[in-house]
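A.B. asks: Dropping a prediction and its sequence here:
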Amino acid sequence: MPDEPVYSDDEPRTMTRRALMRLGVAGSAIVAASALVTRALSAESRSPFDAPFRFEPIPRAGSRARAGVAAPNIVERARWGADEGIRSRDIDFDETVEKIVVHHTGTPEPDGNWAAAVRDIYRSTVRRGYRDVPYHWLIDPDGLVYEGRWARPDRAGVTPTGEDARGRSVRGGHAKGHNARSIGVALLGNFTDAAPSDAAFVSLVAVVAWKCARWDIDPAGESPYAMRDGSTQVIPNICPHRRIRATACPGGPVVDLLPELRFAVAQRVAA
């Protein structure tokens, strides 16, 4: 497990009596992504602070790419069995997104039943006083992508986007102090020592490219992030959780893959 809980929210909400009662009784295709590029690692990229790693030349995100990156196939909340009666109705939304934060869940493999693992994360997080699933998207070792935090009612045949009807991104609870204007993507499992599967990495590229294109985020860049106290932090646009919190998340092997992730996402967005 990480050295602190992965689930971080700025303002945990008090659970209702009804939600507590419900918790008491509550007990596939992978979207094709760019071919994996040759891993290019440096001592800096292995640092807990994930120092920026540059590839030259680097494709840039732009308005042309914004409409050109398809959404991955997603397992909706209803399909993975979310009990909508336990989540909070207190929901915040952001008009824009600036950062994609990469996590691992730090949880053991549940005998291959990853939908059950998502349900367990949902219940345990709400039980601790948080509003909902902390992350926007979760990815299992088979490459399946699960819808995380609730943003709007399910609509038959429509891919969930993590946005409301006005196109605002639902605010997650994945990175304390950095939940506003960010999206949390979590790899299901513990990657403190082991690397994620190729299928999971391919889907991670697909999800991050989709959202970088949607919000016009430069995958290879970094920019100031405004904190609530008025200060700013310059952090990578695709950022590991450990870069902004004192935590092992998302694990060293995932941090080692971030230069490759940024490069593959930039290629996909620019294609």
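C.D. replies: Perfect, I can see it now. Numbering: from 1, shown residues only.
A.B. asks: For stretch 132-149, output the C-alpha coordinates as PDB.
C.D. replies: Extracted in PDB, the C-alpha atoms of stretch 132-149 (Å, rounded to 0.1, in the frame of the first residue of the first chain):
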ATOM      1  CA  ASP A 132     -17.900   9.300  -4.300                       C
ATOM      2  CA  VAL A 133     -15.200   7.400  -6.100                       C
ATOM      3  CA  PRO A 134     -12.100   9.600  -5.800                       C
ATOM      4  CA  TYR A 135     -11.000   9.100  -9.400                       C
ATOM      5  CA  HIS A 136     -12.600  10.000 -12.700                       C
ATOM      6  CA  TRP A 137     -11.400   6.900 -14.500                       C
ATOM      7  CA  LEU A 138     -10.000   3.500 -13.400                       C
ATOM      8  CA  ILE A 139      -8.100   1.000 -15.600                       C
ATOM      9  CA  ASP A 140      -7.700  -2.700 -14.900                       C
ATOM     10  CA  PRO A 141      -4.800  -4.900 -16.000                       C
ATOM     11  CA  ASP A 142      -6.900  -6.200 -19.000                       C
ATOM     12  CA  GLY A 143      -7.200  -2.600 -20.200                       C
ATOM     13  CA  LEU A 144     -10.900  -2.100 -19.300                       C
ATOM     14  CA  VAL A 145     -11.700   1.500 -18.400                       C
ATOM     15  CA  TYR A 146     -14.300   2.100 -15.600                       C
ATOM     16  CA  GLU A 147     -16.200   5.300 -15.100                       C
ATOM     17  CA  GLY A 148     -15.400   6.700 -11.700                       C
ATOM     18  CA  ARG A 149     -17.000   9.800 -10.100                       C
END
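A.B. asks: Give the ranges of residues in this protein that sit below the confidence cut-off.
C.D. replies: For the chain, the stretches with pLDDT under 70 are 1-68.
A.B. asks: Spit out the contact partners of the residue nearest the centre of it.
C.D. replies: Nearest to the geometric centre of the chain sits V185, at 1.1 Å (C-alpha atoms, centre = their mean). Shown in contact with V185 (C-beta atoms under 8 Å, 6 or more residues apart in numbering): I100, V101, V102, H103, Y135, H136, W137, L138, I139, L204, V207, V208. Using the backbone N, CA and C atoms, a C-beta is placed for each residue, glycine as well.
A.B. asks: All the helices of the chain, in order from the start?
C.D. replies: 17-25, 63-66, 77-80, 114-127, 198-215, 252-270 (DSSP state H).
A.B. asks: which residues does the residue nearest to the centre of the chain bridge with?
C.D. replies: Bridge pairing for V185 (DSSP bridges) gives the partners V102, W137.
A.B. asks: Between the two ends of stretch 160-168, what distance do you get?
C.D. replies: 13 Å (C-alpha to C-alpha, to the nearest Å).
A.B. asks: distance of the residue nearest to the centre of the chain from I238?
C.D. replies: 9 Å (C-beta to C-beta, to the nearest Å).
A.B. asks: What of R152?
C.D. replies: From R152 to I238 the distance is 25 Å (C-beta to C-beta).
A.B. asks: Comparing these two, which shows the higher neighbour count?
C.D. replies: Between R152 and I238, counting by other C-beta atoms under 10 Å, I238 is the more crowded of the two (27 against 17).
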